[in-house]
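Visitor: Sequence and computational prediction follow.
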Amino acid sequence: MNMGKNMKNEMEKTAGRKDIASNRFLFAILLILLAFTNAKTMADELRGNVQTAGNPIAGATVTLYAVGTAAPKQLAQSQTDAQGAFMLAFSEAPSNNVLYLTAKGGIPKASANNSPNDRIALMTLLEAQFPKTVTINELTTVASTFTAARFINEESISGNPLGLRIAAGNVPNFVDLQTGGWGKVILDPVNSTQTTSLAILNTLGSLISAFATTADDDWRARFFKAATPPSGIRPKNTLEAMAGIARAPWAKAESLYALFDEAYPQPKDGSRRKAPFAPYLAWTPPDFALSLCFAGGGMFANGRFMFDSEGNLWSGQNWMPGSQSGVIHNIGGGVIKLAPNGTPLSPPITGFTGMGLDGVGWGTAVTLDKVWATSFNGKILVMDFNGNPIGTESDFPFKEKFLGLMGIGVAANGDVWIADGSDDQLLYFPGGRVKDGRIVKVAGLKSPFDIVIDAHNRVWVSNSQSNTIVRFPANNPSKAETFKAGISVRALALDSKGNVWVASNASPDFPVPKIPDGASIMEQFRLLGVAMLKYPKATGVINMIRPDGTQPNPEGYTGAGVIDVPWGLNIDGDDDVWIGNFRGRGVVLMAGAESKGHLPNTKTGDVIHVFQSGSIQMLTDVSIDPAGNVWAANNWNFPDASVGDPPKYPTSTWGGGSGLTIIYGIAAPVKPPRMGEVHKP
């Protein structure tokens, strides 16, 4: 009997436990569903504020768009209340799309005029993962239009998905999306104090403030005229005006600053202007370009710049950060990787290393599936896109010892060619296969430096100890041809028509110092570097060689003395030429083979503008990403530290270039990776 009762009790307890477990399970499911519902609701709501001059805009129409290759899709629209606040509710936010907000019209509280102004148009560009609340104001408008300059058509944004993601990912470098204040990168010690970037951002923002709050119709008309780019399309509102300035920030710099000075005159007692954002520019700038400096990930003395298919930057580094490296004594650097927004993705100080690599010169290349780098010590590193070596030194079939390996050329069929700068020969890897590598002897090589392969599978090689470029069919190196350029030929680049552009360090009349045969690359740098830095006038030349071997200007282009020891160059999606000035410390924009999109009477080889900044040092390479941003490679900084024996102790670590500079939205986007001729995305 007792046994039966006990069994019954146990059964009841078991049933009770099952009911409790079942209830707990159902409760957990309910919580998950509620959490999912809340998350979905939050994802489909976006709140924020619209401001100008730090005050709300009431009655502004706020619209949220999703961006792609076609016309943008409107997701939601509402109006701001009296405090400038808005709430947008929408049914779906595409997970892979870049988004943007526009705020048009309304009545600015900071304005004495209480009537709405439809020519006020502000914008905030957002990544797919956006914050719960955002601000739309002058600073977000400047940051968004400059990073997305190449994708804005009137008020519409569209373009290649990678370029749009890069544009949106860089906006937080300039502004805090939630507050509308300054972003973290522009506030770092270099960008906030050593460059004019913060002052330019604030001055442009103040121009929008003036338009919305204090200016009269005459001032506004002159502002639109000054914001009209060389294409001649006159803006209709402040958003279009900022986009026009971003695409050609050099075009009307003097007029734009005069408008700022008129709107916020400098008091005679020297006190602060009444501009809403400070610091602002104190003098007329040569341009209103927005740029930022980035460092880290083992960066020091940048060499060649290359982008992978995701827009990440790869570059070999001459020397190790923090070292007293120069051409006499040095510790080699590794390979860096930076995300499209400038975030370092490679290890600090050393960068990526392996396979014996120690110090990289011009040898960085990106293929569809690998990254290649060559070293001063004759080693070759081949990596996956996570920076992992794909093998070991012993995988290469060579018994010879190499030194001073330089540039790498990648053909459309995957062939890889490497310049052996010390032994006047090339290394060839059919299809990029390491085990099949072999040495190729070619007549006319003299310390080969850079390599490009054209659409006809012809290999072009520059000679750093000569004034020549060698060209030969990849399948028959015995049929080599030679073309003349300037002295100490460096970078090569192919435009979309197959023209080869050539940068030479020195002009034909430059007195070249005696360089012993077999001199190491560092010894070459020392002898040539000292001679060029002491030369009393600008030197260097850019040449263009057509596919048929002819040159429209055999003497080359010098930019009337603006070109000064050019080193690297690349071509953008409009076939314009971008040049790294070594001694000139600047990025040079030169009209390309067709000179489209520039002012009337612009000719091939004309220098359009030179970009300079406190963060731009002695440049080697310049490269263009899929958003139209130009990345400039600081290679040297303080010459005494580079060539001194010994250098001055306090500046002994300043020999190599510190960081790199990104200039936003000034070039036509390029499809990565760059193998052969340039392509639009």
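Guide: Ah, there it is.

Visitor: who's in contact with the nearest residue to residue 233 once chain neighbours are set aside?
Guide: For residue 233, ignoring the flanking residues on the chain, the nearest one in space by C-beta to C-beta, 6 or more residues apart in numbering is residue 244 at 7.4 Å. Where C-beta positions appear, they are placed from N, C-alpha and C, glycine not excepted. Applying C-beta atoms under 8 Å, 6 or more residues apart in numbering to residue 244 gives the contacts 227, 228, 229, 233, 235.

Visitor: Look at the spatially closest residue to residue 653 that is not a sequence neighbour and give its secondary structure.
Guide: Once flanking residues are discounted, residue 653 sits nearest to residue 324: 5.6 Å by C-beta to C-beta, 6+ apart. Following DSSP: H, G, I helix; E, B strand; the rest coil, residue 324 is assigned to coil.

Visitor: start at 7 instead
Guide: Happy to do that; since the first residue is 7 now, the last one works out to residue 330.

Visitor: burial measure for residue 330, as a count.
Guide: Other residues near residue 330 come to 21 when the count uses other C-beta atoms under 10 Å.

Visitor: and the gap between it and residue 661?
Guide: Here residue 330 is placed at a distance of 7 Å from residue 661 (C-beta to C-beta, to the nearest Å).

Visitor: Quickly list what's touching both of the two.
Guide: Residues touching both residue 330 and residue 661 (C-beta under 8 Å, 6+ apart): 647, 653.

Visitor: the helices in this structure, which residues?
Guide: Listed in chain order, the helices of the chain (DSSP state H) span residues 8-49, 144-153, 167-180, 195-199, 203-219, 223-232, 244-253, 259-269, 527-540, 645-649.

Visitor: what separates stretch 588-599 from the chain centre, distance-wise?
Guide: Centroid separation for stretch 588-599 versus its chain: 16 Å, with C-alpha atoms, centre = their mean, to the nearest Å.

Visitor: do stretch 516-524 as well
Guide: When distances are taken as C-alpha atoms, centre = their mean, stretch 516-524 is centred 35 Å away from the chain's centroid.

Visitor: and residue 640, how many neighbours?
Guide: When neighbours are counted by other C-beta under 10 Å, residue 640 registers 26.

Visitor: what's the distance between it and residue 168?
Guide: In terms of C-beta to C-beta, residue 640 sits 25 Å off from residue 168.

Visitor: Equivalent analysis for residue 398, please.
Guide: 33 Å.

Visitor: who's more crowded, these two?
Guide: Higher neighbour count among residue 398 and residue 168: residue 168, with 20 against 10, using other C-beta under 10 Å.

Visitor: Wait, the more buried one touches residue 314, no?
Guide: No: if you go by C-beta atoms under 8 Å, residue 168 and residue 314 don't touch, sitting 10.7 Å apart.

Visitor: where does this structure dip in pLDDT?
Guide: Scanning the chain with the threshold set as pLDDT under 70 gives 7-49, 99.

Visitor: same thing but at 50, please
Guide: 7-14, 16-17, 20-21, 23-24, 26-27, 29, 31-48 (pLDDT under 50).

Visitor: With adjacent residues omitted, what lies nearest to residue 662?
Guide: Nearest residue to residue 662 in three dimensions, chain neighbours excluded: residue 307, at 3.1 Å (C-beta to C-beta, 6+ apart).

Visitor: pretty sure that neighbour contacts residue 647?
Guide: No: using C-beta under 8 Å as the test, residue 307 is too far from residue 647 to be in contact (10.9 Å).

Visitor: Let me see the contact set for residue 192.
Guide: Applying C-beta under 8 Å, 6+ apart to residue 192 gives the contacts 179, 180, 198, 203, 204, 207, 298.

Visitor: Going through those residues, which ones are buried?
Guide: Buried members of the contacts of residue 192, scored by 16 or more other C-beta atoms under 10 Å, are 179, 180, 203, 204, 207, 298.

Visitor: and the third one, how far is that from residue 499?
Guide: So the one you mean is residue 203. Shown here: residue 203 relative to residue 499, a distance of 28 Å by C-beta to C-beta.

Visitor: just the fourth one next, same as before
Guide: From residue 204 across to residue 499, the span is 33 Å (C-beta to C-beta).

Visitor: Repeat that for the second one.
Guide: Between residue 180 and residue 499 the distance, using C-beta to C-beta, works out to 30 Å.

Visitor: Equivalent analysis for the fifth one, please.
Guide: Computed as C-beta to C-beta, the residue 207 to residue 499 distance reads 31 Å.

Visitor: Strands of the stretch 557-687 of the chain, residue ranges please.
Guide: 572-577, 583-587, 592-596, 613-617, 624-630, 636-642, 666-669 (DSSP state E, counting those that start in this stretch).

Visitor: can I get those in JSON lines with distance to residue 338?
Guide: What follows is these, written out as JSON lines (distance: least, C-beta to C-beta, whole Å):
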{"stretch": "strand 572-577", "distance to residue 338": "19"}
{"stretch": "strand 583-587", "distance to residue 338": "21"}
{"stretch": "strand 592-596", "distance to residue 338": "27"}
{"stretch": "strand 613-617", "distance to residue 338": "30"}
{"stretch": "strand 624-630", "distance to residue 338": "16"}
{"stretch": "strand 636-642", "distance to residue 338": "14"}
{"stretch": "strand 666-669", "distance to residue 338": "19"}
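
Visitor: quick one: which of these is nearest residue 402?
Guide: Closest to residue 402 of the strands of the stretch 557-687 of the chain is strand 624-630 (C-beta to C-beta; 25.9 Å).

Visitor: Now the closest one - C-alpha only, PDB.
Guide: Taking C-alpha atoms only, strand 624-630 is exported to PDB below (Å, rounded to 0.1, in the frame of the first residue of the first chain):
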ATOM      1  CA  MET A 624      58.300  62.800 -49.000                       C
ATOM      2  CA  LEU A 625      56.100  60.600 -51.200                       C
ATOM      3  CA  THR A 626      56.700  57.500 -53.200                       C
ATOM      4  CA  ASP A 627      53.400  56.000 -54.300                       C
ATOM      5  CA  VAL A 628      49.900  57.400 -54.700                       C
ATOM      6  CA  SER A 629      46.900  55.000 -55.300                       C
ATOM      7  CA  ILE A 630      43.200  55.400 -55.900                       C
END
